[in-house]
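[1] 3D, please:
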Amino acid sequence: MGFKSPLLVCCGSRGGKYNFNGSKPCGLSPLCSDPSVKVFWDGGHYTKAANKLVFDMLNIGEFSDPLVPTRFACQLNA
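    Numbers count the residues shown, from 1 in each chain. Got it, this is the predicted structure:
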């Protein structure tokens, strides 16, 4: 997945270090042209693309030790 400028928000005021202005809510601010390459939607929430990346990593067991995909984790005996 190719995120571009990962710290810049997609729904922002087109200004500041992170393209974010807390006094301008998302509905009153312009949107980025391609949310699929952004990590943050509005400074507090991930974009759909970022959420999918995290889900995919969780699903394959990327964050477990040992690496256990979720399709196998529920079948383990404690």
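
[2] What are the boundaries of the helices in the chain?
    Along the chain, counting by DSSP state H, helices occupy 48-59, 70-73.

[3] Let me see the mean pLDDT of stretch 12-21.
    Mean pLDDT, stretch 12-21: 77.

[4] and that stretch, which residues are buried?
    For stretch 12-21, a neighbour-count test (16 or more other CB atoms under 10 Å) marks 12-13, 19-21 as buried. In short, each C-beta sits where N, CA and C put it, glycine included.

[5] Export these to a markdown table and append columns for distance to residue 59.
    As requested, the buried residues of stretch 12-21 are exported to a markdown table (distance: CB to CB, whole Å):
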| residue | distance to residue 59 |
| --- | --- |
| 12 | 30 |
| 13 | 35 |
| 19 | 30 |
| 20 | 30 |
| 21 | 35 |
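
[6] Which of those lies at the shortest distance from residue 35?
    residue 12 (11.8 Å; CB to CB).

[7] so that closest one touches residue 22, yeah?
    No: counting by CB atoms under 8 Å, residue 12 does not reach residue 22; the two are 10.1 Å apart.

[8] Please work out which helix or strand belonging to the chain has the smallest mean pLDDT.
    Within the chain, no helix or strand scores below helix 70-73, which has a mean of 73 by mean pLDDT, DSSP states H and E.

[9] spatially speaking, which residue is in the middle of the protein?
    residue 50 (2.6 Å; CA atoms, centre = their mean).
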